[in-house]
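> coords below, sequence missing:
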C-alpha cells in the first residue's frame, strides 16, 4: 500500500490546511515596494442592487422564445442544448463582462491562468453528457478496442502532478508522509482501502453508492444516511484518530466544498474520494484534465457558438407572468445604465439558488449556504523551487491556512520557463460564511497582497523581489456547502422540481460545485424547457 497517493493514484485531489474556527491573523511586514495588481470580484455592487430594487424603468422591449439568466457552466450548457435542438431564438443574460461563471480565466504576457475551477476528473460512466461534450470539443479523441475513451495527451495533467511541503521539505503526493508514524500509515492504509472499495460497491438498487452526477447515486438508505453526520464525526466513529489523516481529509473537503470536514456531510466527504471512477485507454485511473487557464478552456469554447446571443453586463431584477401568457423579465444593462424588458415564453434560471429565489418565489433557497473564496494570481520572475520534490502542477503546504497553488505554465509542452503565473486558492472557512464575506470585502488590495505575499515568501524565501504582480479576486458565494442533511434532504429535493415556465439549472441543485453537476443540470433544464415549448428535436 502506497502512503503518498496522488490524484492519479488515489482519485483524491488537493487543497489546503484546515482552520476549523477562529479568525486567521498574521503579523504582516510592509512590502518593500508596492506590487502591481488589482482587486476585483464578481460584480457584487450591481448584484446587490437586487436587494434595494434601485433600477431605472425599462426603456425598450426585446422578444425571445427563451431567456437564460446566468452564463456560467449551467447556463452555457442549457443554451448549447437548446441550439442543438433548433431553438436558436434565445438570450443568455450574464451579469459579468464575459460568460464562464466560476470557470473563468485570465491571461497576461506570461501565461493564461484560471480564476476559479481548474480541472475536471476523468468523466465517469454515469457522466454521459460531459463525455459527449468532451467528444465535441476534442478532449476525447477516440476510443480504444475495449471502449475506453482516449484523451488528448496535452490535456491530461502532466507529471509531476502533486507535492506537499512538510517539515521544510517537499514530498510527492499530498498525504503527509514525511514523519508519519506506523499508526498514521496503518490508518492511511485502512482509510484508502475503504474508499477505494466503495467504487466497487453497489446499493440495493444496483447503483454505485457515490456517483457523478450525484443524483445517479444509490438511493439505498444504508448509504444516504451518511448525509446526517459530518465527515469528521464519521471518521471519529470509525476509529480514525490520526491527526495527519484528519488534516488530509479536511484539506480535501475545503478544496472541493470550501467547507471544513467538521461541517461537511459524511456522504459528501466520502463522495469526494469514492465517486471519481472515470477510466481512460491512455491514462491511469484518477487522472485529471486541466489547461493553463483551467476550466475557462471549456467555457470559452462552449460560449463561442452562441455569439451575440450572450448579453454581458445584464442583470435580471424581476420576473413576472405576463397577462397574455409567457413571462416578462426586467433586465438592467449595467454597460448602458438602463433597463429593458424581455418578453419570453420560458426562462431558465442558471444562477445560485439564493438569487433565483429573489427572482421567482417558487424557487426557495432555504437550506442553501455558500462558501466565500479568495483567489490570487501571482506573476513570478522565477519558478518556485524548494528542497525535495521538484515543482509540480499542484503544490500545497502542510497546516497552511490557505490551500496551495497551481502552476499555469505546467501544461505548456515546451516546459522551458523562467517566469510563470501561480494561482493561489484560499477558501475562507476560518469563519462562518457571512462573517468571512464581511471580513473579505473589508480588506483593500494592499492588505490582500500582503497576506498572499507573506504566505508565498514564508514557503519560498528565494522569491523575494521576484513577485512581479499580485491580482486578487473575491467570490462572496463561490460554492454551495454540502452540510449534513443537505445532499439528501428536503431543500435540495424541492429545488429539483421544475416549475414551468421557469426552470432551474445550477451546480447548487447537485449539492456540490463541480463541473459535472453544473453541466448536467443545465442540460436537464434545457430538455425540460424543450418539452414545455414543444421542441423535442434530438440534440
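Nice, I can see it. All values derive from a computational prediction rather than experimental measurement. Residues are numbered from 1 along each chain as shown.
> next SSE after the helix or strand harbouring residue 434?
Element membership of residue 434, judged by DSSP states H and E, is helix 433-442. Using DSSP H and E, the helix or strand that follows helix 433-442 in sequence is helix 445-459.
> residues in contact with residue 137?
Residues counted as contacts of residue 137 (C-beta atoms under 8 Å, 6 or more residues apart in numbering) are 298, 301. Quick note: C-beta positions are derived from backbone N, CA and C, even for glycine.
> next, work out how far apart it and residue 519 are.
Using C-beta to C-beta, to the nearest Å, residue 137 is found at 12 Å from residue 519.
> swap in residue 511?
Counting by C-beta to C-beta, the gap from residue 511 to residue 519 is 15 Å.
> ok, now residue 38?
Taking C-beta to C-beta, one finds residue 38 at 30 Å from residue 519.
> tally of neighbours for residue 118?
Using other C-beta atoms under 10 Å, residue 118 has 26 neighbouring residues.
> that one contacts residue 407, correct?
No - using C-beta atoms under 8 Å, residue 118 makes no contact with residue 407, being 10.5 Å away.
> low-confidence ranges, the stretch 101-250 of the chain, go.
Scanning the stretch 101-250 of the chain for pLDDT under 70 picks out nothing.
> so where do the strands sit in it?
105-107, 112-114, 120-121, 140-143, 149-151, 162-166, 169-172 (DSSP state E, counting those that start in this stretch).
> just the buried residues of the helix or strand harbouring residue 494, please?
Assigned by DSSP H and E, residue 494 falls within helix 490-495. By 16 or more other C-beta atoms under 10 Å, the buried positions in helix 490-495 come out as 491-492, 495.
> and for stretch 227-246?
When burial is assessed from 16+ other C-beta under 10 Å, stretch 227-246 yields the following buried residues: 227, 229-232, 234-235, 240, 242, 244-246.
> ditto for stretch 138-145
By neighbour count on 16+ other C-beta under 10 Å, the buried set for stretch 138-145 is 139-140.
> can you get me the start-to-end distance on that stretch?
19 Å (C-alpha to C-alpha, to the nearest Å).
> could you do stretch 88-97 as well?
Taking C-alpha to C-alpha, stretch 88-97 runs 22 Å from one end to the other.
> what's that stretch in contact with?
With C-beta under 8 Å, 6+ apart, stretch 88-97 has contacts from 42-43, 46-47, 62, 64-71, 75-76, 79, 82-83, 99, 104, 306, 309-316, 329, 331, 334, 342, 344.
> just the buried subset of those, written out for PyMOL, thanks.
Filtering the contacts of stretch 88-97 down to the buried ones (16+ other C-beta under 10 Å) takes a single PyMOL command:
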select buried, resi 42+46+47+64+65+66+67+68+69+70+71+75+76+79+82+83+99+104+306+309+310+311+312+313+314+315+316+329+331+334+342+344
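> in strands, which of the contacts of stretch 88-97 fall?
62, 64-69, 310-312, 314-316, 329, 331, 342, 344 (DSSP state E).
> ends of stretch 384-399, how far apart?
Stretch 384-399: ends 19 Å apart by C-alpha to C-alpha.
> distance of residue 457 from residue 164?
From residue 457 to residue 164 the distance is 19 Å (C-beta to C-beta).
> so for those two, which sits in the more crowded spot?
Using other C-beta under 10 Å as the criterion, residue 457 and residue 164 rank with residue 164 on top: 28 against 17.
> which residues does the more buried one contact?
Contacts of residue 164 by C-beta under 8 Å, 6+ apart are 170-171, 173-177, 395-398.
> most neighbours among those residues, which one?
Among the contacts of residue 164, residue 174 has the most neighbours (other C-beta under 10 Å), with 31 neighbours.
> phi first, then psi, for that residue.
Dihedral pair for residue 174: phi -110, psi -10, per degrees, to the nearest 10.
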